[in-house]
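>>> 3D model of this:
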Amino acid sequence: MPGFTEKKRVLDVDDEHIVADTLAKIFSNEGYETKSAYSAEEALAIVLEWRPHLAIVDVCLPGISGIDLAILFKAEYPDCKITLFSGQSAASDFLETARQSGHSFDVLAKPVHPTKLLSVASYLLSPSEGGA
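Residues are numbered from 1 along each chain as shown. Next up, the predicted model:
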């Protein structure tokens, strides 16, 4: 269909339901297609059927950490952009461990203003960053 532009898909992963659902609402209001996952395991199940263009992942998740999920996403879904965010100072320890293993991620501090989050998403999904 000429002129048809696919909606960008954003997956929000946070074990705090209110946070994940709020992120989904923010992105949905801006025209993105969104889904929320409340654990890394749930996120992995979602991406089997629904491939996001961007995943916004909390660093401190129960079970599989957000950093481990991000590493897995980078390996299995290289077209998916990843933004980590955290409200805990312990995240720096996780990030340092990831860096020592050759993985580098940018992390936004919680709480993040919606304007900042949307700006980061727009940048990551822009054609110059490899987005569609």
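>>> ok, residue 21 touching residue 38?
No - judged on C-beta atoms under 8 Å, residue 21 makes no contact with residue 38 at a distance of 9.2 Å. Backbone N, C-alpha and C define where each C-beta goes, glycine included.
>>> Of these two, which one has the most company?
Per other C-beta atoms under 10 Å, whichever of residue 21 and residue 38 has more neighbours is residue 38, with 19 against 15.
>>> Look up how far residue 113 lies from the more buried one.
23 Å (C-beta to C-beta, to the nearest Å).
>>> Worst mean pLDDT across the helices and strands of this structure, which element?
Using mean pLDDT, DSSP states H and E, helix 91-100 stands out as the lowest-scoring helix or strand of the chain, at a mean of 58.
>>> Which neighbouring elements make contact with the next helix or strand after it?
Next along the chain after helix 91-100, taking DSSP states H and E as the criterion, comes strand 107-109. Counting contacts by 3 or more C-beta pairs under 8 Å, 6 or more residues apart in numbering; DSSP states H and E, strand 107-109 is packed against strand 81-86, helix 114-124.
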